[in-house]
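**Student:** here's a sequence, model it:
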Amino acid sequence: MIFWDSDSNLLATGLPLKAVSKLLATSSTDSELQQSLEKLGTKYLARYLIMKEYRTLVENGLQKLPIIPIIVGIPGAGKTTIAKELSTALNIGLVIGGDVLRSSLRSIITTENEIFHSSIYDTWKFFGKYSSKNLISGYKAQADIMNSIIQKMIADRGLRDGESMIVEYLHFLPTQFNSDLLKHPSLIPVILQITEKELYKERIKLRSKYSHLRNSGERLISEVDKYLQMQEYLCSEAIKFKIPVVSVNDFVEGYETILDIVLGRIKKLNELKDYTDRINLVEEIKKERKA
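**Tutor:** Modelled structure (predicted):
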């Protein structure tokens, strides 16, 4: 097993598995390992030390803050792949996908709630004739339902229980999150941005090879312009709240940037160790459990 083995801290470096394997094979002590990492690049050593410190604090009962990256993007931008990579790098077993969550909620939320049960690119129909304004109104209406559910899940499992998790979904809007929850240091939202239309189409097609094996992507490709408008709105809202927007036109470069953003926040968590500001949603959940 690799999880919670001290060697697994090397996965946070972002180095390829072959490089990690070589480091383990040629280093007999942690000091030698750190020297080898520094030779490869100071950023790799820094990443390793941040993750090592976090896990040491956890093991000693000194760290009470979970790690909760929120990876946001339109279909095909790569949020599921980024989430999987972060899951491995940070040793976070709980990864929650918005598509799966929404699919499971279909049997609970009645069909009378037509906006929830509609494809996101068709929700404009509930606001009149097609226009960019109505497209965004439809997106926001469906997002409001998803964000209500997801922020309660984060407040409960993440902040009340202290469980690290990665959430990846389309609907994140900072204006629809409780402000006290959003400013909690454990929450690390990142918006993925893909700006080249033809590249975006190719990414959608690739999904059928690696993740959506029974879906050619043609349905999504026909709605590319709508998704890009949603992305533009997503990014503009994120910028207002100083939430990082990361280009994934170059996917590897984008992932490296995201890994540094997340580890930068973990470094802050290592300094804080706990957070005592009142989170109203957490308090509401505690009261519900006592009732």
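
**Student:** strands along this structure, start to end?
**Tutor:** 68-72, 95-97, 166-169, 187-193, 245-247 (DSSP state E).

**Student:** name the helices or strands packed onto the first one?
**Tutor:** In this structure, strand 68-72 makes packing contacts with helix 79-90, strand 166-169, strand 187-193, judged by 3 or more CB pairs under 8 Å, 6 or more residues apart in numbering; DSSP states H and E. For glycine as for every other residue, the C-beta is placed from the backbone atoms N, C-alpha and C.

**Student:** quick revisit: for residue 78, find the nearest of the strands of the chain.
**Tutor:** With CB to CB as the measure, strand 187-193 is the member of the strands of the chain nearest residue 78 (6.2 Å).

**Student:** helices or strands next to the closest one in the packing?
**Tutor:** Using 3+ CB pairs under 8 Å, 6+ apart: strand 187-193 touches strand 68-72, helix 224-240, strand 245-247, helix 251-272.

**Student:** contacts for the first one?
**Tutor:** Counting by CB atoms under 8 Å, 6 or more residues apart in numbering, strand 68-72 makes contact with 79, 82-83, 86, 90, 154, 158, 164-170, 172, 186-192, 234, 238, 258, 262, all of which sit outside it.

**Student:** then the third one?
**Tutor:** The contact list for strand 245-247 (CB under 8 Å, 6+ apart) reads 190-195, 235, 238-239, 253-254, 257-258, 261.

**Student:** tell me the strands beside it, with direction?
**Tutor:** strand 187-193 (parallel) (DSSP bridges).

**Student:** buried residues in stretch 182-191?
**Tutor:** 182, 184-191 (16 or more other CB atoms under 10 Å).

**Student:** I misspoke; the intended subject was stretch 127-145.
**Tutor:** 127, 134-143, 145.

**Student:** how about a markdown table for these, with pLDDT and distance to residue 34 added?
**Tutor:** Shown next, in a markdown table, are these (pLDDT from 0 to 100; distance: CB to CB, whole Å):
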| residue | pLDDT | distance to residue 34 |
| --- | --- | --- |
| 127 | 97 | 57 |
| 134 | 98 | 56 |
| 135 | 98 | 51 |
| 136 | 98 | 49 |
| 137 | 98 | 53 |
| 138 | 98 | 52 |
| 139 | 98 | 47 |
| 140 | 98 | 48 |
| 141 | 98 | 51 |
| 142 | 97 | 48 |
| 143 | 98 | 44 |
| 145 | 96 | 48 |
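
**Student:** in TSV: the residues you listed, plus distance to residue 218.
**Tutor:** What follows is these, written out as TSV (distance: CB to CB, whole Å):
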residue	distance to residue 218
127	26
134	24
135	20
136	24
137	26
138	22
139	22
140	27
141	26
142	22
143	25
145	27
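
**Student:** just these: which are in helices?
**Tutor:** Among those, the ones falling in helices (DSSP state H) are 134-143, 145.

**Student:** for residue 288, give me its contacts.
**Tutor:** Residue 288 neighbours (CB under 8 Å, 6+ apart): none.
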